[in-house]
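Student: sequence-free structure coming up:
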């Protein structure tokens with residue numbers, strides 16, 4: 001009888017411990033995801049800066065961009081953001097097909 005009581009008590013303690021472990025694991029995963037998102041954002045910023053700079057800037061005679069260079073950089077960034085936004089929206093639809101159906105139904109009601 002003592003063995004059953006010890007096992008039951010151990011199982012109950014283990015269940016409480018696994019709840020804490022699950023919460024710790026969730027917090028650890030959230031921290032990891034945040035670090036990965038930050039890393040990816042920095043990589044994207046660096047890549048976009050290099051890409052638009054190399055495509056648009058041709059002279060190094062002054063500290064500021066010329067009018068044409070500035071317009072080119074703005075257009076480059078705008079195009080990239082539009083493509084990225086459209087891609088993200090499409091991936092979201094592919095990830096959650098029910099949301100796309102709900103959006104279509106909402107559009108039909110208007």
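Tutor: Cool, the structure landed. Since the structure is predicted, the reported quantities are computational estimates derived from the model, not experimental observations.
Student: ok, the residue positioned nearest the centre of the chain to residue 82 distance?
Tutor: For the chain, the residue lying nearest the average C-alpha position, counting by CA atoms, centre = their mean, turns out to be residue 37 (5.3 Å). Distance, residue 37 to residue 82, by CB to CB, to the nearest Å: 21 Å. Glycine gets a C-beta too; all of them are placed from N, C-alpha and C.
Student: that older thread, could you give the average pLDDT over the helix or strand that the residue nearest to the centre of the chain is a member of?
Tutor: Taking DSSP states H and E as the definition, residue 37 sits inside helix 2-56. Confidence over helix 2-56 (mean pLDDT, whole number) is 76.
Student: and the next element down the chain from it?
Tutor: Using DSSP H and E, the first helix or strand after helix 2-56 is helix 67-95.
Student: In that following helix, which of the residues would be classed as buried?
Tutor: Neighbour-count burial for helix 67-95, counted by 16 or more other CB atoms under 10 Å, picks out 69, 72, 73, 76.
Student: residues contacting the last one?
Tutor: What it means is residue 76. The neighbourhood of residue 76, defined by CB atoms under 8 Å, 6 or more residues apart in numbering, consists of 48, 51, 52, 55, 56.
Student: residues near the second one, how many?
Tutor: Right, the one you point to is residue 51. Here the neighbour count serves as a burial measure; for residue 51 (other CB atoms under 10 Å) it reads 13.
Student: can you tell me the helix or strand for residue 98?
Tutor: Applying DSSP H and E as the criterion places residue 98 in helix 97-109.
Student: tell me the mean pLDDT over that helix?
Tutor: For helix 97-109, the mean confidence score works out to 59.
Student: ok, now which ones touch the closest residue to residue 80 other than its chain neighbours?
Tutor: Nearest residue to residue 80 in three dimensions, chain neighbours excluded: residue 48, at 5.8 Å (CB to CB, 6 or more residues apart in numbering). For residue 48, the set of contacting residues under the criterion of CB under 8 Å, 6+ apart consists of 76, 77, 80.
Student: This completes my enquiry, with thanks.
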